[in-house]
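>>> Please find the sequence and the predicted model below.
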Amino acid sequence: MYLKTRKLTELALLTAVALIIFVVELQIPNPFPIPGVKLGLANIVTVYAVYHYRAGEVLLIVVVRILLGSFFSGSIMTMMYSMAGGLLCLIGMLLLKRLLSEKYIWVCSVIGAVLHNIGQIAVACFVAGRGMLLYLPFLLVSGCLAGAFTGVCAQLLIKRRLSRQTDRDKSGQ
Amino acid sequence: MRKIWPFMLVGAVLLLGIAGSALVLQRPDTNIVEIVQDGNVLHRLNLAETEDQIIEVEYDGRINTIEISDHRIHMLEAECPDKTCVGMGWLDSAAPIVCLPNHLVIQFSDSDALDAAAG
Ligand SMILES: [Zn+2]
């Protein structure tokens, strides 16, 4: 019982952090005249969770964050974009995690970000036609850059957590 | 043991993106421009022959104002939340001007002729 409650609390906390990051990022206007370009900072939480929690648990974090996030962005369409991008990104990262150790978490994050953008383009094609495919190259580049950034952030977080854990272990002895 | 393929994978995606972007940024070899909403071509114009004008397109009560001036076309104003479409400036590459919230696209046409369906 203790374990279950603890796990639930952790998942809720991660979801809340992801949601806050997501909502704060919504307030930042896109400086590029290209739809869909963004840092995707909430991905820091997702990629971290991919390496520390089970697939179903990460799915829960992502879906709840997107559903609650769409309340704040106030549009069903935004939710469609986020959902398509978020789920494709998650599937890709869960697969990559099997091949790559945590040392390569930034690679996982880059591929996740690129897949996220591909998912969004797919929805945009439904909305505005095939012409949106022409934005794919820009979004590949922006996905690489943004994904590398969020990946490095996640790596720093993990390093910090590890060093604090070893500190605690030392003092416990 | 250091793996190489993850770096090559990321490098390949990045290169593909850069090469693709360079291609998309070129101006297509046509003057025919389409204004498309929800997949329907509302206007088809030959920029070489257009006079300066303002075209208004409505979606769900929101107006997009398109300006054609000096044989160029751009989104002058838009009643959409993000204004990305206005920020895209004049249409001068294969990448279309899009207003996703209003389902509106301004793009160079694939087919060259000004067909009979043109408005
Ligand atoms: Zn717009």
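In hand now; what should we look at?

>>> isn't residue A:64 right up against residue A:15?
Yes - if you go by Cβ atoms under 8 Å, residue A:64 and residue A:15 touch, sitting 5.1 Å apart. Every C-beta, even on glycine, is put in place using the N, C-alpha and C of the backbone.

>>> Show me the residue sitting in the middle of the chain in space.
With no chain named, the answer covers chain A. In chain A, the residue lying closest to the centroid (Cα atoms, centre = their mean) is residue A:43, at 2.1 Å.

>>> To clarify, I was referring to chain B.
residue B:96 (1.4 Å).

>>> backbone phi and psi for that one, please?
phi -70, psi 160 (degrees, to the nearest 10).

>>> contacting residues around it?
Residue B:96 makes contacts with A:128, A:131, A:132, A:134, B:105, B:106, B:107, B:108, as judged by Cβ atoms under 8 Å, 6 or more residues apart in numbering or on different chains.

>>> Near residue A:47, how many residues? Count them for me, please.
31 (other Cβ atoms under 10 Å in any protein chain shown).

>>> What is the helix or strand containing residue A:88 packed up against?
Using DSSP states H and E, residue A:88 falls within helix A:76-99. Applying 3 or more Cβ pairs under 8 Å, 6 or more residues apart in numbering or on different chains; DSSP states H and E, one finds that helix A:76-99 makes contact with helix A:43-52, helix A:55-73, helix A:105-128.

>>> Nearest to residue B:71, out of the ones you listed?
Closest to residue B:71 of those is helix A:105-128 (Cβ to Cβ; 24.6 Å).

>>> Kindly export the helix holding residue A:88 (C-alpha atoms) in PDB.
Output in PDB follows, covering the C-alpha atoms of helix A:76-99 (Å, rounded to 0.1, in the frame of the first residue of the first chain):
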ATOM      1  CA  ILE A  76     -10.000  21.600 -28.800                       C
ATOM      2  CA  MET A  77      -7.700  22.000 -31.800                       C
ATOM      3  CA  THR A  78      -4.700  22.700 -29.600                       C
ATOM      4  CA  MET A  79      -5.500  19.500 -27.800                       C
ATOM      5  CA  MET A  80      -5.600  17.500 -31.100                       C
ATOM      6  CA  TYR A  81      -2.100  18.800 -32.100                       C
ATOM      7  CA  SER A  82      -0.700  18.100 -28.600                       C
ATOM      8  CA  MET A  83      -2.200  14.700 -28.400                       C
ATOM      9  CA  ALA A  84      -1.000  13.500 -31.900                       C
ATOM     10  CA  GLY A  85       2.500  14.900 -31.300                       C
ATOM     11  CA  GLY A  86       2.700  13.800 -27.600                       C
ATOM     12  CA  LEU A  87       1.600  10.200 -28.300                       C
ATOM     13  CA  LEU A  88       3.900   9.700 -31.300                       C
ATOM     14  CA  CYS A  89       6.800  11.200 -29.400                       C
ATOM     15  CA  LEU A  90       6.000   8.900 -26.400                       C
ATOM     16  CA  ILE A  91       5.900   5.700 -28.600                       C
ATOM     17  CA  GLY A  92       9.200   6.600 -30.200                       C
ATOM     18  CA  MET A  93      11.000   7.400 -27.000                       C
ATOM     19  CA  LEU A  94       9.700   4.200 -25.300                       C
ATOM     20  CA  LEU A  95      11.100   2.100 -28.200                       C
ATOM     21  CA  LEU A  96      14.400   4.000 -28.200                       C
ATOM     22  CA  LYS A  97      14.800   3.500 -24.500                       C
ATOM     23  CA  ARG A  98      15.200  -0.200 -25.100                       C
ATOM     24  CA  LEU A  99      18.100   0.500 -27.300                       C
END
